[in-house]
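Visitor: For reference, the sequence and a predicted model appear below.
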There are 2 protein chains.
Amino acid sequence: MRVTIRDVASKVGVSPMTVSRVINASPRVSDETRRRVQGAIAELGYVPNRLASGLTRRTTRAFGVIVPDVGNPFFTLVVRGAEEAAWRAGYHVILCNTQADLERERGYIEDMLAFQVDGLLVAAVSDQSQPHLKLLTRNGVPFVLIDRSVAGFKTDLVQGDSVSGARQLVQHLIGLGHRRIAMITESDEVSTARDRLQGYREALEAAEIAFLPELVVETSTVDPRLACQATLDLLDLAETPTALFAVNNIAVIGVAEAARARSLEIPRDIAVVCFDEVDYASRFHPFLTVMSQPAETFGTIATQLLLDRLAGRVAERRRVVVLPADLVVRESCGAQLPVS
Amino acid sequence: MRVTIRDVASKVGVSPMTVSRVINASPRVSDETRRRVQGAIAELGYVPNRLASGLTRRTTRAFGVIVPDVGNPFFTLVVRGAEEAAWRAGYHVILCNTQADLERERGYIEDMLAFQVDGLLVAAVSDQSQPHLKLLTRNGVPFVLIDRSVAGFKTDLVQGDSVSGARQLVQHLIGLGHRRIAMITESDEVSTARDRLQGYREALEAAEIAFLPELVVETSTVDPRLACQATLDLLDLAETPTALFAVNNIAVIGVAEAARARSLEIPRDIAVVCFDEVDYASRFHPFLTVMSQPAETFGTIATQLLLDRLAGRVAERRRVVVLPADLVVRESCGAQLPVS
DNA sequence: GCCAGTTGCGTTACCGATACCACAAATGCA
DNA sequence: TGCATTTGTGGTATCGGTAACGCAACTGGC
C-alpha cells in the first residue's frame, strides 16, 4: 500500500539507487533523469521511509523534546523556540508530554531512544528522573536539560535564575511594606522549586525577617487545585499573610481562585506575585506581577547546544546557560504604578 | 555506541532471535533463559530499535497528532485526551504543532509518513490542507480529522456543534436585550469559523435582527493581537455594538484587551461571549461566558475511531461524531446570576 | 587516437530487528 | 519402547533505504 522507492524506480525505469540520489540531491544524476524521477515522486506521493534510511545512515535528523506540560504557557513557548531553531537547522522535533508523570517520562524517553532520535531536550519531572536519563547516556544519545537541573547529572543545561528571581520578587514585596509573606511551592525534588525557596529565604534574611515554616506550603505537584487548597490553608492561619509568592504561573491560578473564594481582592486584601508569565491570562484581571522568563529563548538556546553536540563542535565539558528573568510589575503586588 | 540486540545476545550467549522473543513476550523461551536475557537488557540499558522492528513488522504502534497550536487550551486538552486513550491501547503519540502554518503542516505530515506512523489525528489548518491530506490517502495511512472538517474530504471526523453553539450564544445575548451584536471571526476557510458565523446569522434571523456586514470582522488568522485590532475597529464605528461574540478562546483575549484599552468595562459597557473555555484564564476576571466544548473527549473519541480503523474493525463508511457544546454563563455576558 | 578523468547509473552488502522454517531434545501417550 | 508432539533455540531471508564500489560511455588534452 505504502509507496516505496522501488515503486518510483520501476515507474521511471531506473534503479532504486538513482531515485535515492535524487532524493538526497546528489549531483551525479542527469537533469533529464532527475526531472523524471521527481515527476514520479510527486505523482505517486512518495515519501521516503525514514525507518529505513535511519537504519543505514546513523541519523534521523530528528530530536525529541520532553516537557511535563505543554499546556503550561512557559513550556509552550520553550517548545516553540526549540521547534523554530530545529526547523531552521533542518531537524524535526518530536514533542512528548509527560504530564509530570515519571512513568510516562520513562516511557517517552525509551520511545525516543527506540525511534533513534539524534538527541533530546528534556525538562525533567524531578530529580527522580535520573534513572531514565541514565538510559540516554548509556546509549550515547546527547541531551540538554531545560529549566530544571537533575541532581547528580552533569550535562548541558539551560535554566533561569530562580534564586535571584525569587529573591527579587520577595524583595519587591518587602519594599512595599510586607513582612508576612507566604510561599506556595512544589516538591523540593524539582530544582526550580528548591532554588526559588532559597531565593525567598535569602530575601527574608536580608531584610531580617524571620523565616516561618508555616508560611511555606508545599504541594506534591504543581496544580491549580492543590495550590488553591494550599492557599486556603494559609488564609485559615490565625495570623494570615499579607502577601503571597507562588512558585510559578500554574500555582498562581489556584491562589487567585482561593482569594476569590474567600472574597479577598487582589491586591487590596492580599498581594500576589509569581514566577513566569501567565501568557493570555496575564492580560486579565488580576494583572499579575511576575518574574518573566524568556521562555522561547530557553528553547532556542537549548537547541543550539544540542545541535553543537550533534555536529561534533563540542566544548567537551558541560555547558550551563543561565538566562536572567525580568521583574514585570503589574497590579497584583499592590505597587502604585505611574500613570502611563 | 548504541546497544543492539546482538550485544544483548552475545552477552548472554544466545542468538538474537531468542532475545527478540523475550522482548516480545513470546512464550517459547525457558524461564531460565528469559531471566538471563532480561538481566542483560537491564544491565546494558538496551532499548529495541524501532526503526528496525518497524521495518519488518508493518507497524510502529505510534500515531501522530497534528494541531495548529498546542498552546491553545482547547487543543492542549484534545491532545491530552488522545494521549490518554492511545497510551491505554499501547500506542504512542507523536505531537506536531503547525502554528497554523500550511508549510509546516505539510512538513509534519510528510514526517509522520516518513516515520511510518500507523495513523494520524489532524486538526487541519484550513480547507487548504487538502493537498497534504491527499498524501495520506495515497499512502494508505488512516487518519481522523478533529475539530475542523476539510472541504472535499470524506474521512472520519470528530467535531463540535459550531452552528448550534454559536446560535445559542447569540440567542443568549439577544435574550439579554442586545440587538447590535458584533462578531470577531477568522478566515472562512476554517470550517468552525464558517459554521459559527452561520449560527450567528441564524440567531439574528430568528430574532428578526438585520445582519449587518460591518459588524462582522474577519482576521486572517486567530491571534489576540489581530482580534484586539479588529475589536478596536468595531469600537470606532459610529454606532458601536453593545455585545461581542468572539469566534474562540484566543480571539476573546484580544477582545478583552481592546475593551481595556478603551477603558470599557465588561459587561457593564459591553457584553462578551466566546466559543471554548479559556482554561486558566476563565478563572480570572472578566469571568467569561463561553460555549464550552468537551475538548478532552474530542481527543479520546478521535483516537477510538482511529484505533478501530487500525484494528480493521471498520465501519466501511466514514463516521462523523458531533459533540455537543455547553453554554456556561458567567459574568461577561451581563446576565444576572443567581446568588450561589 | 590514446589514456586519464569525469559522468551517470547499477550491483552488492548491510543497518537491526523479526517471520518463517528447521531441528534437536524433551515430553507424552499407547 | 516407539512414535507423535511439544518445547526451546538457531539460521536465513527480508523490510526500504544507502554506502561503497564497479563500470560502461563520454569528455578532453596532447
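Guide: Happy to help now that I have it.
Visitor: can you give me the strands in the stretch 51-200 of chain A?
Guide: Under the criterion DSSP state E, counting those that start in this stretch, the stretch 51-200 of chain A carries strands at the ranges A:62-67, A:92-97, A:119-122, A:143-146, A:157-160, A:181-186.
Visitor: actually the stretch 201-340 of chain A, sorry about that
Guide: A:216-219, A:243-246, A:271-275, A:289-292, A:320-323, A:326-328.
Visitor: Relative to DNA strand D, which of the ones you listed is closest?
Guide: Judged by C-beta to the nearest atom of the strand, the one of the strands of the stretch 201-340 of chain A that comes nearest to DNA strand D is strand A:320-323, at 32.9 Å. All C-beta atoms are positioned from the backbone trio N, CA, C, and that covers glycine.
Visitor: what's that closest one in contact with?
Guide: For strand A:320-323, the surrounding residues in contact (C-beta atoms under 8 Å, 6 or more residues apart in numbering or on different chains) are A:156-161, A:293-294, A:297-298, A:301, A:305.
Visitor: Once you drop chain neighbours, what's closest to A:Arg225?
Guide: If the residues on either side of it in the chain are set aside, A:Arg225 comes closest to A:Gly254, at 6.4 Å by C-beta to C-beta, 6 or more residues apart in numbering or on different chains.
Visitor: how close does that neighbour sit to A:Leu77?
Guide: Going from A:Gly254 to A:Leu77 by C-beta to C-beta, to the nearest Å gives 21 Å.
Visitor: Same question for A:Pro68.
Guide: The value you get for A:Pro68 to A:Leu77, if C-beta to C-beta is used, is 14 Å.
Visitor: A:Leu237 now?
Guide: Taken as C-beta to C-beta, the span from A:Leu237 to A:Leu77 is 35 Å.
Visitor: How about A:Asn49?
Guide: Counting by C-beta to C-beta - A:Asn49 and A:Leu77 are separated by 33 Å.
Visitor: Next, count neighbours for A:Phe245.
Guide: For A:Phe245, the count of nearby residues is 33 (other C-beta atoms under 10 Å in any protein chain shown).
Visitor: so what's it up against?
Guide: Contacts of A:Phe245 by C-beta under 8 Å, 6+ apart are A:166, A:169-170, A:173, A:181-184, A:200, A:273-274.
Visitor: Out of these, which is nearest to chain B?
Guide: A:Cys274 (12.2 Å; C-beta to the nearest C-beta).
Visitor: burial measure for the closest one, as a count.
Guide: Counted with other C-beta under 10 Å, A:Cys274 comes out at 28.
Visitor: Which pLDDT value does the model give it?
Guide: Looking at A:Cys274, its pLDDT reads 97.
Visitor: Can you list the low-confidence ranges for chain A?
Guide: Applying pLDDT under 70 to chain A picks out residues A:315, A:337-340.
Visitor: Can you tell me which residues in it are near DNA strand D?
Guide: For chain A, the residues in contact with DNA strand D (C-beta under 7 Å from any atom of the strand) are A:2-6, A:16-17, A:20, A:23-24, A:46, A:48-49, A:52-53, A:55-57.
Visitor: And the most centrally placed residue in chain A, how far from chain B?
Guide: The centre of chain A sits closest to A:Phe75, judged by C-alpha atoms, centre = their mean, with a distance of 3.9 Å. Taking C-beta to the nearest C-beta, to the nearest Å as the measure, A:Phe75 falls 9 Å from chain B.
Visitor: Nearest residue to that residue in space, ignoring adjacent ones along the chain?
Guide: A:Val67 (4.3 Å).
Visitor: And for that neighbour, the neighbour number?
Guide: 29.
Visitor: Repeat that for the one 4 residues further on.
Guide: A:Gly71: 22 surrounding residues under other C-beta under 10 Å.
Visitor: swap in the one 10 residues further on?
Guide: Using other C-beta under 10 Å, A:Gly81 is surrounded by 21 other residues.
Visitor: so who does the closest residue to it other than its chain neighbours touch?
Guide: The shortest distance from A:Gly81 to any non-neighbouring residue, by C-beta to C-beta, 6+ apart, is to A:Gly299 (2.7 Å). Neighbouring residues of A:Gly299 by C-beta under 8 Å, 6+ apart: A:65, A:77-85, A:121, A:146.
Visitor: now those in TSV, with distance to DNA strand C?
Guide: Below are the contacts of A:Gly299 laid out as TSV (distance: C-beta to the nearest atom of the strand, whole Å):
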residue	distance to DNA strand C
A:Val65	23
A:Leu77	36
A:Val78	31
A:Val79	29
A:Arg80	33
A:Gly81	32
A:Ala82	27
A:Glu83	28
A:Glu84	31
A:Ala85	29
A:Leu121	24
A:Ile146	28
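Visitor: Tell me the one of those nearest B:Leu264?
Guide: A:Leu77 (29.5 Å; C-beta to C-beta).
Visitor: Please verify my assumption that that closest one contacts A:Ala295.
Guide: Yes. Checked against C-beta atoms under 8 Å, the pair A:Leu77 and A:Ala295 is within contact range at 3.5 Å.
Visitor: if you count what's nearby, which of these two comes out ahead?
Guide: It is A:Ala295, of A:Leu77 and A:Ala295, that has more neighbours when counted by other C-beta under 10 Å, with 24 against 21.
Visitor: who's in contact with the more buried one?
Guide: Neighbours of A:Ala295 in contact, by C-beta under 8 Å, 6+ apart: A:73-78, A:81, A:276-277.
Visitor: Just the closest of the residues you listed to B:Gly39, please.
Guide: Among these, and counting by C-beta to C-beta, the member closest to B:Gly39 is A:Phe75, at 37.1 Å.
Visitor: Quick check: residues of chain A near DNA strand C?
Guide: A:13-18, A:21, A:27-30, A:32-34, A:52, A:55-56.
Visitor: Give me the buried subset of these.
Guide: A:14, A:18, A:21, A:29, A:33-34, A:52, A:55 (16 or more other C-beta atoms under 10 Å in any protein chain shown).
Visitor: For those, could you give me JSON lines that also reports secondary structure?
Guide: Shown next, in JSON lines, are these (DSSP: H, G, I helix; E, B strand; the rest coil):
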{"residue": "A:Val14", "secondary structure": "coil"}
{"residue": "A:Thr18", "secondary structure": "helix"}
{"residue": "A:Arg21", "secondary structure": "helix"}
{"residue": "A:Val29", "secondary structure": "coil"}
{"residue": "A:Thr33", "secondary structure": "helix"}
{"residue": "A:Arg34", "secondary structure": "helix"}
{"residue": "A:Ala52", "secondary structure": "helix"}
{"residue": "A:Leu55", "secondary structure": "helix"}
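Visitor: Turn those into a markdown table, including distance to B:Thr192.
Guide: Output for those, formatted as a markdown table (distance: C-beta to C-beta, whole Å):
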| residue | distance to B:Thr192 |
| --- | --- |
| A:Val14 | 46 |
| A:Thr18 | 46 |
| A:Arg21 | 44 |
| A:Val29 | 45 |
| A:Thr33 | 46 |
| A:Arg34 | 42 |
| A:Ala52 | 38 |
| A:Leu55 | 41 |
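Visitor: Those residues: which ones sit near chain B?
Guide: A:52, A:55 (C-beta under 8 Å from any C-beta of the partner chain).
Visitor: Could you point out the member of the buried ones among the residues of chain A next to DNA strand C that lies closest to B:Pro142?
Guide: A:Ala52 (21.2 Å).
Visitor: Tell me how far the closest one lies from A:Pro16.
Guide: 11 Å.
Visitor: A:Phe245 too?
Guide: Taking C-beta to C-beta as the measure, A:Phe245 falls 63 Å from A:Pro16.
Visitor: And A:Asn139, by the same measure?
Guide: Counting by C-beta to C-beta, the gap from A:Asn139 to A:Pro16 is 31 Å.
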